[in-house]
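> this one's structure only:
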């Protein structure tokens, strides 16, 4: 029988550097979402090294809060959902099919949250765990309402029975990140999706190091040994990291991850030479 886990809110708030009012208000939701996104990185190191992340509440708290680590979508958003519920928000756990501009039908391998705020006429979509340009702040569950979030812009649009999360990507206009419905998902749904993402041979998280640090005006990505920094003025900087030691120094110093110094990543595949 699974025992109820009592989340240590003081430890979580200290981890994300948040000192706001502990009440289920829009201001609390917005500031806490931002604090989580800018503090706890997205990373897939456990999966890359052959593990399957535990989604048990106590394990999520231990890894992301006490161990100074990050995680991927299931870890981030399940922890965040527990925090919000502890504060009195109503939370519905949802699933999405990632598109990232593709028309391919992909499995339901992303988790996001619909959050009810007392006194508000509509829910908000919260997502602190998307690893490639996801939300900085919650987004009102209203079609066609553009939301500037720092240097980035987002909106939700309808496509039949689906909701699409879109962002402005480069100079090409609106770009669909993922598609979802408002059907409530259960813990077993995430257990299956988590196992698939962590173990399937073609999972993008099994063979490539992916770490992201997000902020309102800058995003930094590590993919294998390539560091990319995207800034609000549209500038982009890329730098090759020469070995595991340089990767580790960067992840500890600039991304704030606590990792053993003997961590060894799989050798990244050779990048094609430019002609």
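Great, that's in hand. Since the model is a prediction, treat every value here as computed from it, not as a measurement.

> okay, and for the stretch 1-150 of the chain, where does confidence drop off?
The stretch 1-150 of the chain contains residues with pLDDT under 70 at 1-3.

> rerun at 90
The stretch 1-150 of the chain contains residues with pLDDT under 90 at 1-6, 100-105, 131-133, 146-150.

> so where do the strands sit in it?
Applying DSSP state E, counting those that start in this stretch to the stretch 1-150 of the chain gives strands spanning 42-43, 90-98, 108-116, 124-126, 139-140, 147-149.

> Do you have the helices of the chain handy? List them.
Ranges of helices in the chain, per DSSP state H, are 9-16, 26-39, 45-48, 57-61, 73-86, 187-199, 244-253.

> Out of the ones you listed, which gets nearest to residue 232?
helix 26-39 (13.9 Å; Cβ to Cβ). C-betas here are computed from N, CA, C, even on glycine.

> in the closest one, what counts as buried?
28-39 (16 or more other Cβ atoms under 10 Å).

> Thought residue 35 was touching residue 136, still the case?
No - if you go by Cβ atoms under 8 Å, residue 136 and residue 35 don't touch, sitting 10.8 Å apart.

> Report pLDDT for residue 209.
Each residue has a pLDDT score; the one for residue 209 is 96.

> Now it. Its backbone dihedrals?
For residue 209, the backbone dihedrals (degrees, to the nearest 10) come out as phi -70, psi 130.

> show me what contacts it?
When contacts are counted by Cβ atoms under 8 Å, 6 or more residues apart in numbering, residue 209 is found next to 44-45, 48, 222-225, 247, 265, 268.

> Also residue 247?
209, 222, 225, 241, 265 are the contacts of residue 247 under Cβ under 8 Å, 6+ apart.

> Contacts made by stretch 92-105 with the rest, please.
Everything outside stretch 92-105 that qualifies as a contact, by Cβ under 8 Å, 6+ apart, is 77-78, 81, 106-116, 123, 132, 164-165, 169, 175-186, 189-190, 193.

> State the number of residues packed around residue 182.
A count of nearby residues for residue 182, using other Cβ atoms under 10 Å, gives 13.
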